[in-house]
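K.L.:
sequence? don't have it. structure:
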């Protein structure tokens, strides 16, 4: 944990898991309505088998879909889920490619990892969808294809890394391994940046697909890459039901074999230090409400701000005579233009009304003049009559404003000085 990233609090984790559960149920509903196959993956499957729901400390959800079902899900997404969610997926003109996998993001939420924060992709709470692909049965052909796929995947990720994480060397240099990986990623990303990230990602996605069902399935984009989860189709399909919180989720057909392949003895609870954690640089489950709360807080802050504005009718002969007693003998401030009524003062008030409605009070310093259009009884207006000596001389107006701070306002910091000052 650093100043940039933090681990979710227990309360935040509980709320996040409730949000995940809502997304899972929506995906499950769409799949049931349209006859699509999906199943829990990784820690989500482990949580169902071992905990009958979420792993208590788990803060992400993964699912699997056979390639044909995933393609159909992408086609149906906008119609069935587009009102609440966003989608990223490879090889689509309609959706962005965020990574080599597909992902369903809940709108109006925020959960961004460090490497995601500077990217143009969605940053909400999301569920990753890993495509299940058939792989060649011939071990030599499978080996060549797997190594090539991993190379394409590394190039694609490196080009994205080069464009979004370059310049973060200090963060990655906290360990020698991190520093080496940062340098290697940036170098590879630079060398292959002649082609954009999406082109490389789409190429990888097309390459790992298989036109026929070989009966041997794998998840090339999972943590084990191409070779990590190669198992007979019967391990995955057809899915079975397993308990998950307050509903039943789909699991691989042979969850024991699947989980042993990924975790070994998966019944052993790992010590706290070894539990997987995902740190976040941003987290919010209702961004719109959070913005409204911030706007309300700003309004409350502004509620203690007053404006003091001096104004005179320079054409009044009584004021002119009084003003002459105090004006300096030689000063540019004595020019009649300084006190001429230009007909602009009403627009000043309109500007306050339309653009600064949060102002608490407007204190109008005047010799006794009031524009004909002014509403003197307006609840936000405080009229302060001052003699000519307090209004007409530049060097005195600031002194008088300082005195009026303590008469008109609760505290000097509540005042926003008008840039007009004496010129009005």
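P.N.:
Okay, I see it. Note that the structure is predicted; figures quoted are calculated from it, not measured.
K.L.:
And the residue most central in space within the chain, how close does it get to residue 44?
P.N.:
Centroid-nearest residue in the chain, with C-alpha atoms, centre = their mean: residue 110, separated by 4.7 Å. With distances taken as C-beta to C-beta, to the nearest Å, residue 110 is found 21 Å from residue 44. Heads up, the C-betas are built off the backbone N, CA and C, glycines and all.
K.L.:
picking that back up, ok, now which ones touch the nearest residue to the residue nearest to the centre of the chain once chain neighbours are set aside?
P.N.:
Spatial nearest neighbour of residue 110, excluding adjacent residues (C-beta to C-beta, 6 or more residues apart in numbering): residue 284 at 4.3 Å. Contact analysis of residue 284 by C-beta atoms under 8 Å, 6 or more residues apart in numbering lists 109-111, 290.
K.L.:
out of these, which are buried?
P.N.:
In terms of neighbour count (16 or more other C-beta atoms under 10 Å), the buried residues within these are 109-111.
K.L.:
from the residues you listed, which is closest to residue 79?
P.N.:
Using C-beta to C-beta, residue 109 comes nearest to residue 79 of those, at 21.6 Å.
K.L.:
My guess is that closest one contacts residue 125. True?
P.N.:
Yes. If you go by C-beta atoms under 8 Å, residue 109 and residue 125 touch, sitting 4.3 Å apart.
K.L.:
overlap in contacts of the two?
P.N.:
Common neighbours of residue 109 and residue 125, counting by C-beta under 8 Å, 6+ apart, are 19, 285.
K.L.:
In strands, which of the buried ones among the contacts of residue 284 fall?
P.N.:
Using DSSP state E, the subset of the buried ones among the contacts of residue 284 located in strands is 110-111.
K.L.:
ok, so of the buried ones among the contacts of residue 284, who is nearest residue 325?
P.N.:
residue 110 (64.3 Å).
K.L.:
Now do that closest one against residue 287, distance only.
P.N.:
6 Å.
K.L.:
now swap in residue 40 and tell me
P.N.:
To residue 287, residue 40 is 28 Å away according to C-beta to C-beta.
K.L.:
same deal with residue 149?
P.N.:
Counting by C-beta to C-beta, the gap from residue 149 to residue 287 is 37 Å.
K.L.:
More neighbours: those two, which one.
P.N.:
Higher neighbour count among residue 149 and residue 287: residue 149, with 23 against 15, using other C-beta atoms under 10 Å.
K.L.:
got the contact list for that one?
P.N.:
204, 207-208, 220, 225-226.
K.L.:
For the stretch 151-300 of the chain, which residues score under the pLDDT cut-off?
P.N.:
166-168, 294-300 (pLDDT under 70).
K.L.:
any chance you could map the helices in it?
P.N.:
For the stretch 151-300 of the chain, the helices defined by DSSP state H, counting those that start in this stretch cover 169-172, 176-191, 197-208, 233-236, 255-263, 287-302.
K.L.:
Look up phi and psi at residue 104.
P.N.:
Dihedral pair for residue 104: phi -110, psi 120, per degrees, to the nearest 10.
K.L.:
from what I can see it touches residue 30, true?
P.N.:
No. The criterion here is C-beta under 8 Å, and residue 104 misses it with residue 30 at 9.9 Å.
K.L.:
Which one of those two is surrounded by more residues?
P.N.:
Set residue 104 next to residue 30 and count neighbours by other C-beta under 10 Å: residue 104 wins out with 27 against 18.
K.L.:
and that one, what are its bridge partners?
P.N.:
Counting by DSSP bridges, residue 104 forms beta bridges with residue 87, residue 127.
K.L.:
Next, count neighbours for residue 272.
P.N.:
8.
K.L.:
Distance of it relative to residue 53?
P.N.:
19 Å.
K.L.:
Name the residues that touch stretch 195-214?
P.N.:
Contacts of stretch 195-214 (C-beta under 8 Å, 6+ apart): 67, 90-91, 96-97, 99-100, 131, 133-137, 145, 148-149, 152-153, 155-156, 159-160, 163, 192, 220-221, 226, 233.
K.L.:
For residue 54, give me its contacts.
P.N.:
Residues in contact with residue 54 (C-beta under 8 Å, 6+ apart) are 17, 20, 47, 244-245.
K.L.:
10 Å instead, please
P.N.:
13-14, 16-18, 20-21, 43-44, 47-48, 61, 244-245 (C-beta atoms under 10 Å, 6 or more residues apart in numbering).
K.L.:
just curious, which of the contacts of residue 284 is nearest to residue 261?
P.N.:
The nearest member of the contacts of residue 284 to residue 261, counting by C-beta to C-beta, is residue 111 at 28.5 Å.
K.L.:
list the contacts for that closest one?
P.N.:
8, 12, 16, 19, 59-60, 105, 123-126, 278, 280-285.
K.L.:
In ChimeraX, how would I select the buried members of those?
P.N.:
The buried residues among the contacts of residue 111 can be selected in ChimeraX (16+ other C-beta under 10 Å) with this line:
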select :8,12,16,19,59,60,105,123,124,125,126,280,281,283,284,285
